[in-house]
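Visitor: Below are the sequence and a predicted model; questions follow.
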Amino acid sequence: MPGSAVGGSSADPVREVMAEYRELCERAVDPLDIAAGLEEAGLGPEAAARCRHADLFSLAEELYARVPRRPPGPEPAGERPGGDARRAAPAAAVLAVLPCAGVVALGAGWPVLLPAAVPLVLLPALTAPPPAGSGPPPCGAARPAEFGPVRAPVGPAGSRWRPAALGYGLGLAALLLLPLAAPGADRPLAAALVLAAAVSTGAAERAARWYRRVGREHLGAARTLADFRARMRPVLPVAVALHLAVLGVLTYAALAVIAVVAPRPGPGHGGGLLQLAAERAGATAWAAQGVLGLLLVLPALLARCGRSAAAALGAAAGPAATAVLLALGRPWPSAVLLGGGAVAAVLLVHGWAVLGRAGSHR
């Protein structure tokens with residue numbers, strides 16, 4: 001039970017905490033890393049008070065001073081940290097585009113949806129955190145010499161194919177492919193919006209990796225947990241806005257293409273290509289596309305920061321809510337806007353609460 005080490009009346013309660021969290025203390029890069037781990041384990045100001053400390057960071061400083069550091073293990077031969085990160089975003093976009101393009105080419109028929117979604121299940125392999133020991137120190141490379149080159153532990157190796165990761169991949173597949181199967185939808189318009197969103201999965205992956213990297217840098221620079229939270233407050237809105245900006249550009253380009261290759265029947269409209277693209281999608285379609293972007297980037301952020309169960313639930317809840325509204329006769333894209341928008345709002349609140357914690361970036 002978290003916090004059980006400080007529940008008694010020992011003469012030295014700090015020693016009990018030190019015994020229970022020895023591995024955390026041995027692998028910590030600095031006191032803030034220990035404070036983040038203790039906070040993640042459920043300890044708070046009351047536990048620090050029982051250990052005769054004003055706050056959790058003060059307790060972490062004593063633990064850091066009393067527990068000797070464990071030397072790091074040997075690096076794997078030929079390791080090139082960052083190489084996989086550079087290839088992950090393009091691969092994520094390709095894996096997302098292929099099934100969507102297959103559905104579009106075959107007329108968005110229901111028999112095609114399941115096999116076309118299979119390649120997208122591989123996305124969790126790209127968004128799962130790297131195995132322990134496979135990357136650079138999570139709190140930054142530049143460290144004072146007295147801290148030593150010790151890395152804090154990350155997620156357990158081999159965890160990327162857990163059921164939560166599988167649910168994440170299936171949820172993303174349904175999220176991208178469901179609008180193409182909606183009855184009564186403008187097929188060319190739906191295809192353009194979905195393919196633009198599929199290409200933007202690469203941008204979502206880059207935004208999630210950037211957010212994680214900035215969090216690790218701030219974890220190394222901050223001196224207290226409150227300082228870390230203050231540094232991280234503007235980072236999540238920036239990461240989400242960057243992805244939505246890329247999605248907006250891609251959507252406009254896709255609409256411009258269908259304005260040429262699949263023009264609407266009827267008398268021609270004046271104006272140039274950009275005006276035709278703007279006329280093809282109304283405000284509801286643009287709002288639904290923004291919701292789709294949120295449902296892509298928020299689970300990616302949660303998965304990158306080790307919240308795989310929340311990422312899987314969020315990725316599955318978006319298309320599930322949309323499917324329910326479609327079954328009730330709600331037209332597309334208002335079903336995406338209402339059903340997916342409610343899920344995106346919950347994900348945004350949850351992400352704001354958990355992604356700013358230091359434990360999400362250890």
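Guide: Yes, it's here.
Visitor: use CA for all of it now, contacts and neighbours both
Guide: Noted.
Visitor: Give me the mean pLDDT for the longest helix along the chain.
Guide: Criterion DSSP state H: the longest helix present in the chain is helix 235-261. Helix 235-261 comes out with an average pLDDT of 90.
Visitor: Show me what that helix is packed against.
Guide: Here helix 235-261 touches helix 187-199, helix 201-221, helix 273-280, helix 283-304, going by 3 or more C-alpha pairs under 8 Å, 6 or more residues apart in numbering; DSSP states H and E.
Visitor: Nearest to residue 170, out of these?
Guide: Nearest to residue 170 among the helices and strands packed on helix 235-261 is helix 283-304; the distance by C-alpha to C-alpha comes to 12.4 Å.
Visitor: now for the closest one, which elements pack on it?
Guide: helix 123-127, helix 163-177, helix 187-199, helix 201-221, helix 235-261, helix 308-327, helix 334-335, helix 341-354.
Visitor: contacts for the helix or strand that residue 61 is a member of?
Guide: Per DSSP states H and E: residue 61 is located in helix 56-66. Helix 56-66 has contacts (C-alpha atoms under 8 Å, 6 or more residues apart in numbering) with 14, 18, 25, 28, 30-32, 34-35, 38-39, 43-45, 47-48, 51, 53, 224-225.
Visitor: tell me the pLDDT at residue 27?
Guide: On the pLDDT scale, residue 27 is placed at 81.
Visitor: Pretty sure it sits against residue 37.
Guide: No: Residue 27 is not in contact with residue 37 according to C-alpha atoms under 8 Å; the separation is 10.9 Å.
Visitor: what about the nearest residue to residue 318 once chain neighbours are set aside, how many neighbours?
Guide: Distances taken as C-alpha to C-alpha, 6 or more residues apart in numbering place residue 340 nearest to residue 318, at 4.7 Å, with adjacent residues excluded. By the criterion of other C-alpha atoms under 10 Å, residue 340 has 28 neighbours.
Visitor: Residue 340 and residue 321 touch, don't they?
Guide: Yes: Residue 340 is within contact range of residue 321, at 6.3 Å (criterion: C-alpha under 8 Å).
Visitor: Flag every buried residue along the helix holding residue 61.
Guide: 56-61, 63-64 (16 or more other C-alpha atoms under 10 Å).
Visitor: Same check on stretch 39-54?
Guide: Using 16+ other C-alpha under 10 Å as the test for burial, stretch 39-54 gives 39, 43-44, 46-48, 50-51, 53.
Visitor: Tell me the one of those residues nearest residue 194?
Guide: Ranked by distance to residue 194 (C-alpha to C-alpha), these are led by residue 39 at 40.0 Å.
Visitor: Leaving out chain neighbours, which residue sits closest to that closest one?
Guide: Nearest to residue 39 is residue 359, by C-alpha to C-alpha, 6+ apart, at 7.1 Å.
Visitor: so who does that neighbour touch?
Guide: Residues near residue 359 by C-alpha under 8 Å, 6+ apart: 36-37, 39-40.
Visitor: Residue 349 and residue 227: what is the separation?
Guide: Applying C-alpha to C-alpha, to the nearest Å, the value for residue 349 to residue 227 is 21 Å.
Visitor: Those two - which one has more neighbours?
Guide: Taking other C-alpha under 10 Å, residue 349 and residue 227 do not tie; residue 227 has more neighbours (13 against 10).
Visitor: Who are the packing partners of the helix or strand where the more buried one lies?
Guide: Following DSSP H and E, one finds residue 227 within helix 225-232. Applying 3+ C-alpha pairs under 8 Å, 6+ apart, we find helix 225-232 packed against helix 31-40, helix 201-221.
Visitor: would CSV of those with distance to residue 177 be doable?
Guide: Formatted as CSV, those follow (distance: least, C-alpha to C-alpha, whole Å):
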stretch, distance to residue 177
helix 31-40, 36
helix 201-221, 14
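Visitor: Comparing the ones you listed, which yields the minimum mean pLDDT?
Guide: Ranked by mean pLDDT, these bottom out at helix 31-40, with a mean of 83.
Visitor: Hey, what's the angle from that one to helix 201-221? Just curious.
Guide: Angle of helix 31-40 versus helix 201-221, following axes from the mean of the first three to the mean of the last three C-alpha atoms, to 10 degrees, is 120 degrees.
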